[in-house]
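*Asks:* how does the following fold in three dimensions:
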Amino acid sequence: MAVRPVKKVTLVALKASRDALVSQMQRYGMLDITDLTTRPEELPEGLQCPDPGTDDTLSEYASDLERLDQAIRLIAANEESGKSFLAVPPAATEEDMERVATAERGDIMARVDEALSLYGQIADIRARVTRIDQRLEQLAPWLPLNIPVEDLHDTREAVVLAGAMPAAEWPAFIDDIREMNTLDLEEVSSDRESIRILALCHRLENLTLTRALTRAGFVRAEFQDEKGRPSDIAAGYEETRREYAERIESIGRQIAAMTDALPGMRHLYDALALLRDRRKAQLRFGDTANVFYVSGWVPARDETAFRRAMLSVTDAVEMHFRDPLPEESAPTLIENNPVVEPFEAITEMYSTPQRTEMDPNAAMAPFFFAFFGMMVSDAGYGILIAIAGAVMYWLMRRKGTKVKLVMVVTLGGISTLIWGALFGGWFGFTFNTLWFNPLEEPLTMLIVCFALGLIQIVAGILLKTVAELRAGHIADAIFGNLCWVLFFVGVLLLAAPMLGEGAAFTAAGTAGKIVSLASVAGIVLGKAGMSFAAKWRTRNKKSLFSAVGTGVASLLGGVMALYNVTGYFSDLLSYSRLFALGLATGVVGMVINSIISMLVSGTGVMAVAGWILGIAVFVGGHIFNIVVNALGAYVHASRLQYIEYFGKFLEGGGTPFKPFRVKTRYYLLKQSSELSDNMKEA
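*Replies:* Here you go, the predicted structure:
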């Protein structure tokens with residue numbers, strides 16, 4: 001349960017064995033490869049890195065994978081429903097992957113091209129349908145026009161104009177054309193925004209009409225190369241649209257009939273993804289015409305296993321291992337037992353610890369576990385959450401953040417069951433209370449919440465103290481951290497006389513005064529002393545006057561250090577969210593049950609209907625309460641870790657250890673018996 005040591009490894013081998021060695025690296029999943037294209041200073045003299053942007057092989061893999069992804073998504077939309085997203089992926093051997101990537105690749109990609117071609121036809125037809133819809137929308141206001149549009153043109157003696165103008169300009173337009181003698185004006189259609197008109201006049205009055213239309217904002221209608229009445233044109237478009245819809249449906253059936261190709265496409269996707277990852281790894285190496293050079297990190301415990309794995313491929317390989325240098329930015333490898341490991345997902349969302357820091361997961365897991373259950377605090381809900389999480393975990397079976405989060409929820413359900421039993425909460429009902437009922441004793445609940453918060457705050461300070469001691473900062477550890485712990489202990493002891501009478505309580509109060517005053521003195525004087533020492537070391541001219549000035553300034557700084565108590569008090573108040581969410585779950589559950597009680601209190605037919613509706617409300621209401629409060633518990637429990645806890649001792653900013661390993665989307669890659677035996681030995 002710690003940050004595990006890693007070792008720097010450099011490897012040199014002949015290019016002839018590069019592909020086999022890279023496959024072995026991926027198979028064993030031990031090496032975190034350093035990208036030498038971004039770290040040219042690590043390259044030995046005479047070596048260079050290839051340019052990934054100009055690599056044809058990588059581009060070919062990327063292109064095929066993109067096309068495969070598009071085809072799979074397209075065809076999978078027609079796949080029969082009922083397949084759960086939690087279903088365990090099928091398994092495949094490395095030989096299967098190699099066969100699919102070589103012998104079957106051409107046939108599968110031909111099916112991919114066929115599917116994408118069909119989809120391209122659909123996309124083209126849909127674009128045409130969109131243009132038809134736009135044209136129908138433009139034609140709609142002209143449907144009342146009972147004249148073929150090809151006849152809407154000027155003659156030798158007359159001018160014909162069809163178009164639209166803003167409705168607000170219509171009265172002014174009528175005034176402008178009032179004196180015209182040869183004008184024949186027809187209103188085709190109108191709405192609140194515009195009016196469509198057909199205007200016919202003698203050429204002698206064309207100028208007058210044109211000026212009036214221009215002032216009115218007239219826009220001439222465009223009928224392109226269409227012929228016939230607008231209603232006939234629209235009917236033709238509608239018929240074409242129906243033909244296009246039938247064509248899309250026909251092509252859709254062809255695509256749906258290709259679902260039998262999905263297993264092969266998915267298989268090829270994973271096979272090419274493995275090859276792409278291997279090629280990406282190779283492009284991080286340095287090389288010459290005959291050899292290649294690898295730099296990376298392996299877990300210290302796997303040094304022998306990694307060496308054995310590489311030598312099993314070829315004897316012509318040279319490897320060197322060493323511990324990381326103090327100034328090196330080595331990746332952080334975190335390993336925990338199966339109980340703590342799921343909570344790594346919470347830390348990963350915050351930041352990766354630096355390799356010189358302690359692993360925060362073991363110190364965080366008990367608090368997250370307790371806080372989650374306390375905020376849901378219903379034993380019935382806890383049973384359902386734990387069962388649902390366990391089933392999901394069993395079905396998913398793949399390691400990764402998603403699985404870790406599912407396990408966190410499962411453990412949260414167990415915590416909820418424990419707290420629910422202590423508080424006597426079972427699906428909104430209260431009975432068999434083992435400790436106390438928060439709804440009846442809210443003050444006790446608030447005290448418990450603050451007590452847990454104080455414990456976590458003190459734990460965070462103690463962890464910071466340990467970190468300071470490990471770094472050799474003894475003064476900071478004592479005066480900047482440990483004195484605050486003593487201060488909190490003293491404050492608690494000061495409250496002892498309020499809890500009872502007698503010599504023991506009085507002695508505890510007296511001890512509290514002494515401890516509190518001593519810790520305050522330690523904080524002030526310790527901070528002042530450290531500040532004075534730091535300033536005095538850097539001062540060029542040292543005199544009595546400068547010593548007094550520096551001492552006064554340092555002492556004021558020490559007094560100001562007491563201001564941190566407001567921050568700790570603010571942190572402590574944040575734990576009231578445990579109180580609020582814990583009560584909210586119980587109150588909402590009680591309200592749901594009260595509604596059900598009213599529904600089932602009827603007689604006769606109403607009683608039957610009430611029971612049916614009551615069951616629906618019970619199931620739906622409590623599921624809603626579980627989802628909302630479990631989500632709230634997860635968010636707020638995480639927030640308490642990130643802000644009130646990790647902020648005390650965890651700097652973060654480390655680089656996670658990411659080994660080059662097998663990563664697939666659709667298939668699980670089976671390990672060979674030789675690999676399994678070697679991994680067990682390792």
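
*Asks:* stretch 641-659: how far from the chain's middle?
*Replies:* 18 Å (CA atoms, centre = their mean, to the nearest Å).

*Asks:* wait, I meant stretch 219-230
*Replies:* With CA atoms, centre = their mean, you get 53 Å for stretch 219-230.

*Asks:* and that stretch, which residues are buried?
*Replies:* The neighbour-count check on stretch 219-230 (16 or more other CB atoms under 10 Å) flags 221, 223, 226, 229, 230 as buried. In this view, the C-beta of every residue, glycine as well, is placed from N, C-alpha and C.

*Asks:* could the residues you listed go into CSV alongside distance to residue 557 and secondary structure?
*Replies:* What follows is the buried residues of stretch 219-230, written out as CSV (distance: CB to CB, whole Å; DSSP: H, G, I helix; E, B strand; the rest coil):
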residue, distance to residue 557, secondary structure
221, 82, coil
223, 85, coil
226, 86, coil
229, 91, coil
230, 86, helix
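
*Asks:* ok, the closest residue in space to residue 290 that isn't next to it in sequence to residue 26 distance?
*Replies:* Excluding its sequence neighbours, the residue lying closest to residue 290 (CB to CB, 6 or more residues apart in numbering) is residue 15, at 5.9 Å. Distance from residue 15 to residue 26, counting by CB to CB, to the nearest Å: 18 Å.

*Asks:* the two - which one has more neighbours?
*Replies:* Shown here are residue 15 and residue 26; by other CB atoms under 10 Å, residue 26 has more neighbours (21 against 14).

*Asks:* so the more buried one sits against residue 669, correct?
*Replies:* No. Counting by CB atoms under 8 Å, residue 26 stays clear of residue 669, with 9.8 Å between them.

*Asks:* what's the pLDDT at the residue positioned nearest the centre of the chain?
*Replies:* Geometric centre of the chain, nearest residue: residue 349, 8.9 Å, by CA atoms, centre = their mean. Looking at residue 349, its pLDDT is 91.

*Asks:* helix, strand or coil for it?
*Replies:* helix (DSSP: H, G, I helix; E, B strand; the rest coil).

*Asks:* need the contact list for it.
*Replies:* When contacts are counted by CB atoms under 8 Å, 6 or more residues apart in numbering, residue 349 touches residue 638.

*Asks:* could you measure it against residue 514, distance?
*Replies:* Distance, residue 349 to residue 514, using CB to CB: 43 Å.

*Asks:* same deal with residue 126?
*Replies:* Taking CB to CB as the measure, residue 126 falls 82 Å from residue 514.

*Asks:* what sits against the residue lying closest to residue 133 once chain neighbours are set aside?
*Replies:* Leaving aside its sequence neighbours, residue 133 sits nearest to residue 241 (CB to CB, 6+ apart; 7.6 Å). Neighbouring residues of residue 241 by CB under 8 Å, 6+ apart: 129, 132, 133, 136.

*Asks:* let me see the contact set for residue 5.
*Replies:* Neighbour list for residue 5: 299, 300, 323, 333 [criterion: CB under 8 Å, 6+ apart].

*Asks:* looking at those residues, which is nearest residue 585?
*Replies:* Nearest to residue 585 out of those is residue 333 (CB to CB; 38.6 Å).

*Asks:* helix, strand or coil for the closest one?
*Replies:* Quick answer, by three-state DSSP: residue 333 is strand.

*Asks:* against residue 302, how distant is the closest residue to it other than its chain neighbours?
*Replies:* With CB to CB, 6+ apart as the criterion, residue 333 has its nearest non-adjacent residue at 4.0 Å, and that residue is residue 657. As judged by CB to CB, residue 657 and residue 302 stand 11 Å apart.

*Asks:* how many other residues sit next to residue 563?
*Replies:* Around residue 563 there are 8 residues (other CB under 10 Å).

*Asks:* I should have written residue 417 there, sorry.
*Replies:* For residue 417, the neighbour count with other CB under 10 Å is 22.

*Asks:* would you agree it is in contact with residue 379?
*Replies:* Yes. Applying CB under 8 Å as the test, residue 417 and residue 379 come out as touching, 5.0 Å apart.

*Asks:* on contacts alone, who are the packing partners of the helix or strand where residue 98 lies?
*Replies:* Per DSSP states H and E: residue 98 is located in helix 94-102. If you count contacts as 3 or more CB pairs under 8 Å, 6 or more residues apart in numbering; DSSP states H and E, helix 94-102 packs onto helix 262-282.

*Asks:* what angle do the helix it packs on and helix 94-102 make?
*Replies:* Relative orientation of helix 262-282 versus helix 94-102 (axes from the mean of the first three to the mean of the last three CA atoms, to 10 degrees): 90 degrees.

*Asks:* the stretch 301-450 of the chain: strands as residue ranges?
*Replies:* 317-322, 333-335, 425-426, 429-430 (DSSP state E, counting those that start in this stretch).

*Asks:* deepest-packed of the ones you listed, please.
*Replies:* Greatest average neighbour count among the strands of the stretch 301-450 of the chain goes to strand 425-426 (a mean of 24), per mean count of other CB atoms under 10 Å.
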